[in-house]
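*Asks:* please find the sequence and the predicted model below.
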Amino acid sequence: MKSKILKLMISIAIFSLLITACGAPATEAPVVAPATEAPAVATEAPAATEAPAEAPILIGASLPLTGDFSDPGTAADKGYKLWADVVNKSGGLLGRQVELVIYDNASNPDTAVADYERLITEDKVDLVVGPFSSKLVIPTSEVAAKYGYAFPEPAGGAEHVFDRGLTNIFFAQPAPSSEQSIPFAEFILSLPEDSRPKTFAVITGDDPFSISVVESTEKLLVEGGMTMVLKEVYPADTKDFSSLAAKVADLDPDLIVGGTQFEDSVGQIKAYQQAGYQPRGAMFTTGPSLPKEFDEALGIATEGIFAPISWFEESTIETNPEFVQAYHAMYGADPIAEDSANSFTVGQIVQQAVENIQSLDNALLIEEMHKATFTTVVGPLSFDEVGRPKGSFMVLQWQGGKIVIVGPDFAKQADAIWPKPNW
Amino acid sequence: MTIPSFHLFVQTLILGVLVGGVYALMASGLTLIFGVMRVINVAHGAFLILGAYLTYELFQNFQIDPIASILITMPVFFVVGWILQRYMLSRIANPEKTSVLVTFSLALVMEGLMGIIFQTTARSVTPSYTSEALMIATYRFPVTRLIGFGVALLIILLLYLILQYTNLGRAIRATTQDARAAQLMGINTSMISAFTFALGVSTAAAGGSLLSIIYSFNPSSQADWIGRTLSIIVLGGMGSIPGALIAALILGVMEQMTAIVITLYWSPIVFYFFLFFTLIIRPQGLMGEIIREKG
């Protein structure tokens, strides 16, 4: 009987394979591996042209290549790989090639923690770099701290990242989450009296990053004289936004402030469309910052939507044009996601810190990262004693199917559209 | 806690009823299989998700409308269900006791395979009418949910008609009531079991298609859906299709109402409280019959 069951299992497997022969897009990352298996993503092989005398420098990371954060996670993966490629082509780091060891944590904090344990204790990587988003950065940074590793990270800026007394974290964006929406709030409050929104609602997923951004936005808007008519925190895995949207539509606030990763920004907007809710302005934390995926999911409904952003493709800041060029050479013409730039920034920080001190000693690197100012694609970066960056974010708006920077003045590409057209 | 306005109350009721209809279809196959075979098909949630992926692939690759694709996915799942019952479940000794374990392992295998094949990125099927809604008076009926509700009721009605008015249906009901007596009357109960299981699994194909246009899903969503459909059939009474329909509507409305009045976090909590209290008062569920152990 056993063999029959086995046969059956196999036939089910074949069946499932058959029906999907047309299959998943080939461009996607290879399959999720349970934490016990080999790295889900192939390691970056050293360039074949030269045989380095010394072993490559191993740099480890665990990224959400699948699951809730898979879109931004995959973008971060591209940034890391591009950085390793650029470094290796220019002779490596301290004369050695760089090799990335990247695991897929399926957006699961427990898996991410196990991955960093393994990277440090089993794979014995020389350096580690962070995962995507605060939810994963908070637990994993403690693993790195336990082993004395520096933890530069591309996307974990929530207040809780910085308030645990850790000194090994370096958040590679221009400002922590709590300050990211300042330019947006300033824009809203600077609108002339007669067109300025009076009411707003905050609808956020239960995620440390999202909550951190929307709550600081809320504070600024309330201080600026606006009234918050509704605040809802929904479970991070919520799929059905219809009742929430009905509730929002019923109150009809002028402005909607969404605390979202990618999936839920799309879920919220579709539910608002169905509920017939047409705000005069809309801001979402992550989602609108993904230039390709957001457009594919929503089409013309994206018009006029705002988001805070750390970086934009046309920026002429030192090293950015080279990054943009190298990105397109490696990945094709699709627009670049902010998250790719952020992980590339992490690479730049690692590279400059290592070269400054000519060492891979993590204790010395931590010291150097606190002291130095780094030249990165998001501008010059330096950090305070707990790793908060000391710079400013920007505001993006979707205009004509593209991301445009509408403020602050130092980066402005176009005037903002206000109020936004119907979605 | 917010007391909704009358308009919001009615709007939420509409949303709850619409989604309840879809839940009913998803649960109907599960309760049918239990009624006839006393087998709890824990893989039902995995079949729903597989149905959703099949719909997704047909839509992405061949632009087949997700509703039209039910005509393809249902027969395919019927065959799969038939084979599964004939070559796996029917060979298990003491199916009433062990089928939960076997179908649970089947669910895990299916989830793993779907993870390998489709990745774990959340998907949803987005035909052109996704964002549209029908206005009646000042109330909005989202088109996807309206279609989902209509299709679900239609399939449940067909199921009901088959059970009530065909010889096959009579044979199924006879088997439900007393398999041995049915066998003595000349009913081929093993064929009836295979047919019922196949029918139950094929409703999961339709349920999956509807799921794919209303929700986003990934392979691990199966656990969420088996939880939801199992609670529906427990509340409705194991084996009763009308019971499943009523319970599904209750769940749908309760979920949406709780989200409005309290928050989304409370939706499952409130429903499960209701389920526990119902079972304390009526252990057999709303429409269920007390199952006597046959000697």
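*Replies:* In hand now; what should we look at?
*Asks:* just want the most central residue of chain A.
*Replies:* Nearest to the geometric centre of chain A sits A:Asp339, at 4.4 Å (CA atoms, centre = their mean).
*Asks:* contacts only, for it.
*Replies:* A:72-73, A:75-76, A:79, A:132, A:154-155, A:289-290 (CB atoms under 8 Å, 6 or more residues apart in numbering or on different chains). Backbone N, C-alpha and C define where each C-beta goes, glycine included.
*Asks:* kindly indicate which of those residues lies nearest chain B.
*Replies:* Distance to chain B across these (CB to the nearest CB) is lowest for A:Gly73, with 9.8 Å.
*Asks:* skipping its backbone neighbours, what lies nearest the closest one in space?
*Replies:* For A:Gly73, ignoring the flanking residues on the chain, the nearest one in space by CB to CB, 6 or more residues apart in numbering or on different chains is A:Pro64 at 3.5 Å.
*Asks:* give me the neighbour count for that neighbour.
*Replies:* Neighbour count of A:Pro64, defined by other CB atoms under 10 Å in any protein chain shown: 30.
*Asks:* likewise A:Ala106?
*Replies:* Count around A:Ala106 with other CB under 10 Å applied: 28.
*Asks:* which helix or strand contains it?
*Replies:* Of the helices and strands defined by DSSP states H and E, none includes A:Ala106.
*Asks:* gap between it and chain B?
*Replies:* Distance check for A:Ala106 against chain B: by CB to the nearest CB, to the nearest Å, it reads 6 Å.
*Asks:* A:Asp68 now?
*Replies:* 7 Å.
*Asks:* kindly report the same for A:Val101.
*Replies:* Remark: distance between A:Val101 and chain B (CB to the nearest CB) = 21 Å.
*Asks:* hey, what's that residue bridged with?
*Replies:* A:Gly60 (DSSP bridges).
*Asks:* pLDDT score assigned to it?
*Replies:* pLDDT for A:Val101: 97.
*Asks:* touching, A:Leu220 and A:Ala185? I think so.
*Replies:* Yes: with contacts counted by CB atoms under 8 Å, A:Leu220 reaches A:Ala185, the gap being 3.7 Å.
*Asks:* mind checking which of the two has more residues around it?
*Replies:* Using other CB under 10 Å, the more surrounded residue of A:Leu220 and A:Ala185 is A:Ala185, with 23 against 17.
*Asks:* and the strand or helix carrying the more buried one, what's buried?
*Replies:* Element membership for A:Ala185 (DSSP H and E) is helix A:182-190. Across helix A:182-190, burial judged by 16 or more other CB atoms under 10 Å in any protein chain shown covers A:182-185, A:187-188.
*Asks:* okay, the residues you listed in CSV with distance to A:Asn108 next?
*Replies:* Below are those laid out as CSV (distance: CB to CB, whole Å):
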residue, distance to A:Asn108
A:Ile182, 32
A:Pro183, 33
A:Phe184, 31
A:Ala185, 33
A:Phe187, 36
A:Ile188, 36
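*Asks:* what's the closest of these to B:Met238?
*Replies:* A:Phe184 (53.2 Å; CB to CB).
*Asks:* quick one: that closest one and A:Pro308 touch, right?
*Replies:* Yes: judged on CB under 8 Å, A:Phe184 makes contact with A:Pro308 at a distance of 5.7 Å.
*Asks:* intersection of neighbour lists for the two?
*Replies:* What both A:Phe184 and A:Pro308 touch, as defined by CB under 8 Å, 6+ apart, is the set A:283, A:395.
*Asks:* and the helices in the stretch 301-423 of chain A?
*Replies:* A:320-331, A:338-357, A:362-371 (DSSP state H, counting those that start in this stretch).
*Asks:* average model confidence for the longest one?
*Replies:* Mean per-residue pLDDT for helix A:338-357: 96.
*Asks:* can you tell me, leaving aside adjacent residues, what's nearest to B:Ile64?
*Replies:* B:Leu58 (4.3 Å).
*Asks:* show me the contacts for A:Asp384.
*Replies:* Contacts of A:Asp384 by CB under 8 Å, 6+ apart are A:Lys390.
*Asks:* in three-state terms, label A:Glu232 for me.
*Replies:* Here A:Glu232 takes the strand state, with states given by DSSP: H, G, I helix; E, B strand; the rest coil.
*Asks:* tell me which parts of the stretch 151-300 of chain A are close to chain B?
*Replies:* Applying CB under 8 Å from any CB of the partner chain, one finds that the stretch 151-300 of chain A approaches chain B through A:232-235, A:238-240, A:242-244, A:246-247, A:250, A:263, A:267, A:270, A:273-276, A:297.
*Asks:* A:Ser90: which of the helices of the stretch 301-423 of chain A is closest?
*Replies:* Per CB to CB, nearest to A:Ser90 of these: helix A:338-357, 9.7 Å.
*Asks:* for the closest one, the distance to its chain's centre please.
*Replies:* 15 Å (CA atoms, centre = their mean, to the nearest Å).
*Asks:* can you check stretch A:252-268 too?
*Replies:* The answer for stretch A:252-268 is 17 Å, by CA atoms, centre = their mean.
*Asks:* give me the nearest residue to the residue nearest to the centre of chain A, chain neighbours excluded.
*Replies:* That would be A:Ala75: by CB to CB, 6+ apart, it lies 3.8 Å from A:Asp339.
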